[in-house]
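[1] How does the following fold in three dimensions:
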Amino acid sequence: MRETEKGTREQLGALRRENARLVQENMRLLNETKAALERQSAVSDVLGSISQSPGDIVPVLDMVMRRAMKLCEADDVLVLGVEGEAVRPLGHVGPVPTGAPSAMRLADTPPAAARAVRECGTIHIPDLLEYPEDEYAVGKKFAAASGVRTALAVPLLRKGAAIGVIILRRQEVRPFADEQIALLETFADQAAIAIENVRLFNETKEALEQQTAISEVLSVISTSTDDPQPVLDVVVARAKVLCGARRAGLFLLEADRRLHVAAQSDADPAAIAHYRATPLEPTRSRLSGRAVVERRTVHIPDHTADPELEPSPAVVPFATPNSGLGVPLMREGRVLGAVVLWRPYEPYRPEEIRLVETFAAQAVIAMENVRLFNETREALERQTATSEVLQSISRSAFDLQAVLDTVVERAAQLCGAEQAWMRRIEGDAFRFAAYYGSSDELRAMFEELRRDGTTARIDHTGLGGRAIIEKQPVHVHDIASDEALRDASLAKRGGGRTALAVPMLRDGEPIGAMVVARNRVAPFNDREIRLVETFARQAVIAIENVRLFNETKEALEQQTAVSEVLASIGRSAFDLPTLLGTVVERAARLCHAPHGIIYRLEGGVLRIVAAFQIPDELRELNERFPLTPGDRASLTGRVTAERRPIRIDDALEDPEYRLREHQRVGNLRSMLGVPLLREDEVIGAMSLWRPEPV
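    Next up is the predicted model:
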C-alpha cells in the first residue's frame, strides 16, 4: 500500500513538473511569437512609413531608430549618411552625446561606424574597453568619456556600397543577441531602401528645380539686354540654393588683370568688404584664381588638405573642413572670371558640378549679349553722332563755331566724359575754340577762358601741347600722378582725373588739339580713343571747309572789287577823287578794316586824297601836321621808306611809332600800310586800320 502511494506521489510530481515545463515552454513560445509579431509589426510600420514618405527620410529614420532602440534593447541609436569620405548625421535618439557636426569626414566618425562602412559588414563590439588598443584607441577614449560599453554598427548598403550606417549603443557590457543583430540588419536594409527612394525622389525634384532655375536664368537674360548684373545675381543665388552651399560668389577679371567681386550671395559683410576693397590676384592660392589660371573646373573636397590654398574670408569662419567648387567663365578660349561655391565638408556631386558649369555658361551668354547689345548701341550712337556732325558741317558753312561745339559735346557724351575742349594753333600758342562742360561750374570756367581770349603754350606741361608735339593721341590714366602737368592746366582746374588729348592734323601738320576728360580715374578704351580721333578729323574737315569757303569768298570779293574799281576807272577817268574813294572803300571792306586813307606825295609831304570812314578830327590833324615820307615815326613814312607793305599789330606797343595824337584821335591799333608805286617811284601810300590790336 505504501509503495502504491509512493508511486502515485512520484507520478503526480512528475506530472506537475511536466506541466510546469510545458507552461514555461508555452510562455517561451508565446514570448517568441510576441517578439516576432513585434518585429513583424515594426518592419510593417517601417515599410508603411516608407510608402507614405517618398520625399522625406526623417519620419522613416525616426521610426527605424525608435523601433530598433526598443526591440534591440539599446540605450542610444545614431544614423549617419555616407557619400565617399563625407559623412553627415541623419538622425539620433538617446542620451549619448554625438559630438557630430553638420558635416564631417569618415575618419572623424566612431571607429565602429567607419569599419562597418569600409568593410560593408556588421561590426559588433561587446566591450569597447576590452577592444584591442591598436584597432580601437579612439573608441576606447570615447567609451571612457561617454560611458558607452557595447556597440553594434550595421552599414546601409546600395549596390554593394555603403550609403550610411546605423549604430546601437549600450552603456553597460551586454552584447547584442543574434536575433537583435539580425533585426538591426533588417532595419538597415529598410533604411537603405528609404534613403534610396528619397534620393531618387529628390534627384527628380532637383532635376525639375534645376530645369526651373535654368529657365529662370534664361528669362532674366532675355529681359536684361543692357545690364548683366541681374543675371549674375540670380546665377549666384540659384547655384547657392541648389548646391546647398553656404557661400557663393562670382568674380570678373577686369582690365587690371585682377578678380573683382561682381555678385555675392549671403556672404559675411566683412568678406564682401574685403573683396571689394582688395581685388584678388588670379593665382592658385585662391579657388577663384585657380579656376581662372587653369581655365577649368576646380573641385576641392577638403580645403584643409590643400597645401596651396590660402585662408580667405569665405573659408576662415568655418570651424570644420569645407568643400569648394570653382568654375571659370570662358568665352572663345578667353577667361572672363569664375563662379565659386563653398559649403561644409561635402564633396560636390557630378550633377552639381554640371549644374554650376551650366550657370557659368549662362552668365557668359548674358555678358556676351550685353556686350553685343552695347556695342551695337554704341556703334549706332557713334554713327548718329558722326551724321550729326557731318550734317552740321553741311549746314554751317558760314558758322564754324556751331560745328566745333557739336563735335566736342558729342565726343564727351559718347565717351562718358564730364568735360571736353578744343584749341586751335595761332602762331606759337593755341587759343580756345570750343568747350563742353557737364556742370554749371565747368561751363562757367570754360566761358571765362573763352571770353578772356586765354592762350596756352604748346609744350609738355599741357595735354593739348603734348598731343601737338607728339602728333599722336596722349592718354593720361591719372592726372593727379602726372607731375609734368601744370596745376593751372584745364584738366586739373576742372577736376579731371583721366584725360585723352588727340591732335587735329591737316596734311600731317597739327592745327589744334581736342581733349576729353573724366572726373574719375577711368581710362578710355580703344574704341573711345578711335571715336575721339574720328571727331578730331571731322573738326579738321569743318575748319578746312570754312577756310576754303572763305578763301574762295575772299577771292571772289577781291575779283569783284577789282572789277568794280576797273569799272569805276572806266566811268570816272576824269574824276580821280571818286575813283580813289572807291579803291580805299573796297580795300577796307575786303580787309575787314573800318577805316582807310590814300595819301598822295605832294611837295615833299603826304596829303590825304581819299578816305573811308575817318574822323574829321583826324583829317584836320593830318592837314595841320602832314606826314613826311621816310619818317619811321609813322606807318606811311615807314612804308614809303621801305617801299613794301608793313603791318603794325598794335600801335601802342610798337617802339618806333610816335604819332600818339594821331593814334588817339583815329583810335589806331592794328595797322596795314602799302606804298603806291609808279615805275618804282613812290607817289603815295594807302593805310588801313582797326581799333583793336591783332
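[2] contacts and neighbour counts: CA atoms only from here.
    Will do.
[3] So for this structure, the centremost residue is which one?
    What sits nearest the mean C-alpha location of the chain, by C-alpha atoms, centre = their mean, is residue 254, with 6.5 Å.
[4] Quick check: the gap between the nearest residue to it once chain neighbours are set aside and residue 665.
    Leaving aside its sequence neighbours, residue 254 sits nearest to residue 260 (C-alpha to C-alpha, 6 or more residues apart in numbering; 6.8 Å). Residue 260 sits 73 Å away from residue 665, going by C-alpha to C-alpha, to the nearest Å.
[5] Next, the residue nearest to the centre of the chain: phi, psi?
    Backbone geometry at residue 254, expressed as degrees, to the nearest 10, gives phi -90, psi -170.
[6] For residue 260 and residue 665, indicate the residue with more neighbours.
    Taking other C-alpha atoms under 10 Å, residue 260 and residue 665 do not tie; residue 260 has more neighbours (20 against 15).
[7] My guess is that one contacts residue 280. True?
    Yes. Residue 260 is in contact with residue 280 according to C-alpha atoms under 8 Å; the separation is 6.7 Å.
[8] hmm, back to that, what residues does the residue nearest to residue 254 make contact with?
    Each residue near residue 260 by C-alpha atoms under 8 Å, 6 or more residues apart in numbering is listed here: 251-254, 275-276, 279-280.
[9] elements contacting the helix or strand encompassing residue 511?
    Per DSSP states H and E, residue 511 falls inside strand 509-518. Counting contacts by 3 or more C-alpha pairs under 8 Å, 6 or more residues apart in numbering; DSSP states H and E, strand 509-518 packs against helix 400-414, strand 419-426, helix 463-470, strand 498-506.
[10] Verify the stated contact: residue 543 with residue 400.
    Yes. Under the criterion of C-alpha under 8 Å, residue 543 makes contact with residue 400 at 6.8 Å.
[11] If we ignore the residues flanking it in sequence, what's nearest residue 92?
    With sequence-adjacent residues excluded and distances taken as C-alpha to C-alpha, 6+ apart, residue 92 is closest to residue 78, at 4.4 Å.
[12] For that neighbour, what are phi and psi?
    When read as degrees, to the nearest 10, the backbone of residue 78 gives phi -140, psi 130.
[13] list the contacts for it?
    Going by C-alpha under 8 Å, 6+ apart, residue 78 touches 65, 89-93, 98, 166-168.
[14] Please flag which of these sit within helices.
    Among those, DSSP state H puts residue 65 in helices.
[15] Columns distance to residue 371 and neighbour count on top of the contacts of residue 78, output as TSV?
    Output for these, formatted as TSV (distance: C-alpha to C-alpha, whole Å; neighbours: other C-alpha atoms under 10 Å):
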residue	distance to residue 371	neighbour count
65	57	28
89	47	19
90	47	18
91	51	18
92	54	20
93	57	17
98	54	16
166	55	30
167	57	28
168	61	26
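[16] ok, so of the contacts of residue 78, who is nearest residue 292?
    residue 89 (35.0 Å; C-alpha to C-alpha).
[17] Quick check: that closest one touching residue 77?
    No. Judged on C-alpha under 8 Å, residue 89 makes no contact with residue 77 at a distance of 11.5 Å.
[18] those strands in the stretch 251-400 of the chain, which residues are they?
    Secondary structure of the stretch 251-400 of the chain (DSSP state E, counting those that start in this stretch): strands located at 259-265, 298-300, 322-331, 334-344.
[19] For residue 430, find the nearest of those strands.
    Closest approach to residue 430 among these (C-alpha to C-alpha): strand 259-265, 42.8 Å.
[20] What is the least confident helix or strand in the protein?
    helix 2-52 (a mean of 61; mean pLDDT, DSSP states H and E).
[21] Tell me the pLDDT of residue 413.
    Here, the pLDDT recorded for residue 413 equals 86.
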